[in-house]
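S.K.: quick one, structure for this:
(4 chains)
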There are 4 protein chains.
Amino acid sequence: MPNTPKAALEGSVHHTQVRVRFGDTDPYGIVYFVSYFRYCHRAIEDFLRACGLPPETTFKNVPEGFGLPIVEAWGRFRRPSRYGDLLRIETRIQEVRAKSVLFRFEFYPETGGELLAEGTATLVAIGPDWRARELPGRITAALSQGK
Amino acid sequence: MPNTPKAALEGSVHHTQVRVRFGDTDPYGIVYFVSYFRYCHRAIEDFLRACGLPPETTFKNVPEGFGLPIVEAWGRFRRPSRYGDLLRIETRIQEVRAKSVLFRFEFYPETGGELLAEGTATLVAIGPDWRARELPGRITAALSQGK
Amino acid sequence: MPNTPKAALEGSVHHTQVRVRFGDTDPYGIVYFVSYFRYCHRAIEDFLRACGLPPETTFKNVPEGFGLPIVEAWGRFRRPSRYGDLLRIETRIQEVRAKSVLFRFEFYPETGGELLAEGTATLVAIGPDWRARELPGRITAALSQGK
Amino acid sequence: MPNTPKAALEGSVHHTQVRVRFGDTDPYGIVYFVSYFRYCHRAIEDFLRACGLPPETTFKNVPEGFGLPIVEAWGRFRRPSRYGDLLRIETRIQEVRAKSVLFRFEFYPETGGELLAEGTATLVAIGPDWRARELPGRITAALSQGK
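M.R.: Here you go, the predicted model:
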């Protein structure tokens, strides 16, 4: 996180709660790693909405000629979560660049500060030709101020 | 299945195999009922493909002005299947009507004739206005001859 | 719904909200019928929790020797919902029998009374041998009074 | 991939085909990044099976006292795939360590050598206490020789 003051980051933390649902686990009752990535997307959606950016017109926006696909994602799964658990996700923007934005996620139990899982996701702005383009100004502005 | 000769039905049985995957079970290792419906859709896709109907241009076809959404589905889950099991799906067209087609699915173990689960799904032809319309003639013809 | 007074049913309506998420649609942006069944399970979980029955010890309870698998499900999908939509689910118990319970679901838009989709799901009580058994008394009691 | 001769790696390439299914895309018809991680798990399952290791007794094995959870995963999504596409996954073991194994995945179109997506997943051996332990000898042996 070079060049990003800690205070600015703290200002943009968004909290999302997810309940581990019946189809989210592996056959042994532990949250399937794939489900964490689904939760991350949900956290991005909630983050965007909190910034005034409706996901429905932010991930793809034909009138304004841009899309925001996820081009890279990473996750580390430290401790098992189980069916019925309530997870607390802390979502931050780690970096806003000219053409992309990097989200960071931390998963905690409902109460307590033990890190259960963490991850990142990179979204790149593309044009109608699927080539990278600059993030639209209004998107950068909305994301930079956090929620 | 009124008015449909048994022989005609038998001619249109299509066999699909699905493996129960890691994310397909409930927290206790038993196939989640929702996964059976997903398997049913996969069986429809394979059935269509075997009839010469690519699903990508059959469920929605803008140039020809039709869509084929699933408007009703039903399933009964008789015996548990588990992670790693190989399931054999028998897919039949139970009835082709003017504006809709009714599929029937039976799930069996890899070997043996014990019925594990069964279900149905109804697809209705709609036009660009989302109103029911007649099935395109080429679709009816392809489905009626089965695979 | 024979033998069930309307007032009793109305007393047991439970409301759940679900947001249509990024992975819940078909390739054309319309909610995939399979997702509705997933939403139904979520509605059951919320209903049980509102009755004081934690799903984690209700769908399978080894100490008390019972399980409550879904053995039958049905859905009718009347109008399309789309990515980002907020759906309101009304969940009712349609019938409590000696060995099973039948849930009924109705999906409405966030505001307005237009029925988008409806469905049912039957849960049967089984013992450790997977044979049907009577619903445990405390389950019947909790379900019968609704939330 | 330090210290791993190229020939050894080539010996252990496993090929899996996946079809992009109806529920695998985002609302715009492009494969949802979460689905790639699901495909990766499927590729691991097929790889294990080709090594003589049934996934059902390899991801968790109570009699032998070990589990093999995925503790880290990464993916980069380079080009869009769409509903109905047939993807070719090349799965390799990038490294076998004392307590963990690192898989690498490359996604290609049905024909052609254009890299669509790539990823990695790390599996760690744990004991009944969820602490890392050495990989069981028979697992290491089976994985080291590849399929």
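S.K.: what's the neighbour count on residue A:78?
M.R.: By the measure other CB atoms under 10 Å in any protein chain shown, the count of residues near residue A:78 is 12. From N, CA and C alone the C-beta is placed, and that goes for glycine too.
S.K.: okay but it is in contact with residue A:108, surely?
M.R.: No. Counting by CB atoms under 8 Å, residue A:78 sits too far from residue A:108 to count as a contact (10.7 Å).
S.K.: mind listing the shared neighbours of the two?
M.R.: Shared contacts of residue A:78 and residue A:108 (CB atoms under 8 Å, 6 or more residues apart in numbering or on different chains): A:115, A:116.
S.K.: quick one, what contacts the residue nearest the centre of chain A?
M.R.: In chain A, the centroid-proximal residue (CA atoms, centre = their mean) is residue A:44; its distance is 3.5 Å. Residues near residue A:44 by CB under 8 Å, 6+ apart: A:55, A:91, A:103, A:121, A:123.
S.K.: and the gap between it and residue A:55?
M.R.: 8 Å (CB to CB, to the nearest Å).
S.K.: returning to that earlier point: which phi and psi does the residue nearest to the centre of chain A have?
M.R.: phi -60, psi -50 (degrees, to the nearest 10).
S.K.: contacting residues around the residue nearest to residue A:56 when sequence neighbours are not counted?
M.R.: Closest residue to residue A:56 apart from its sequence neighbours, by CB to CB, 6 or more residues apart in numbering or on different chains: residue C:84 at 3.8 Å. Contact analysis of residue C:84 by CB under 8 Å, 6+ apart lists A:54, A:55, A:56, C:19, C:20.
S.K.: checking the residue nearest to residue A:54 when sequence neighbours are not counted next. Helix, strand or coil?
M.R.: Spatial nearest neighbour of residue A:54, excluding adjacent residues (CB to CB, 6+ apart): residue C:84 at 6.6 Å. Per DSSP: H, G, I helix; E, B strand; the rest coil, the secondary structure class of residue C:84 is coil.
S.K.: ok, now residue A:134?
M.R.: coil.
S.K.: these two touch, right, it and residue A:98?
M.R.: Yes. Between residue A:134 and residue A:98 a contact is recorded at 5.5 Å, counting by CB under 8 Å.
S.K.: can you select the buried ones from the contacts of residue C:84 in ChimeraX?
M.R.: Only the buried entries of the contacts of residue C:84 go into this ChimeraX selection, using 16 or more other CB atoms under 10 Å in any protein chain shown:
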select /A:55,56 /C:19,20
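S.K.: helix/strand/coil for residue A:95?
M.R.: Look at residue A:95: counting by three-state DSSP, its state is strand.
S.K.: settle this for me: it is touching residue A:121, isn't it.
M.R.: No. Using CB under 8 Å as the test, residue A:95 is too far from residue A:121 to be in contact (11.9 Å).
S.K.: okay, these two: which has more neighbours?
M.R.: Neighbour count, other CB under 10 Å: between residue A:95 and residue A:121, residue A:121 has more, with 24 against 17.
S.K.: where's the more buried one, which helix or strand?
M.R.: Residue A:121 belongs to strand A:117-124 when assigned by DSSP states H and E.
S.K.: adjacent strands (with direction) for that strand?
M.R.: Here strand A:117-124 is paired, per DSSP bridges, with strand A:70-77 (antiparallel), strand A:100-109 (antiparallel).
S.K.: next secondary structure element downstream of it?
M.R.: Immediately after strand A:117-124, counting by DSSP H and E, sits helix A:137-144.
S.K.: picking that back up, do you know how far the residue nearest to residue A:54 is from chain B?
M.R.: 19 Å (CB to the nearest CB, to the nearest Å).
S.K.: where does that residue land on pLDDT?
M.R.: Note on residue C:84: pLDDT of 95.
S.K.: show me what from chain A comes close to chain C.
M.R.: A:19, A:21-23, A:38, A:41-42, A:45, A:54-56, A:59, A:82-84 (CB under 8 Å from any CB of the partner chain).
S.K.: if we can go back for a sec, format the strands paired with strand A:117-124 as CSV; extra columns: mean neighbour count and mean pLDDT.
M.R.: Output for the strands paired with strand A:117-124, formatted as CSV (neighbours: other CB atoms under 10 Å in any protein chain shown; pLDDT from 0 to 100):
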stretch, mean neighbour count, mean pLDDT
strand A:70-77, 21, 98
strand A:100-109, 20, 98
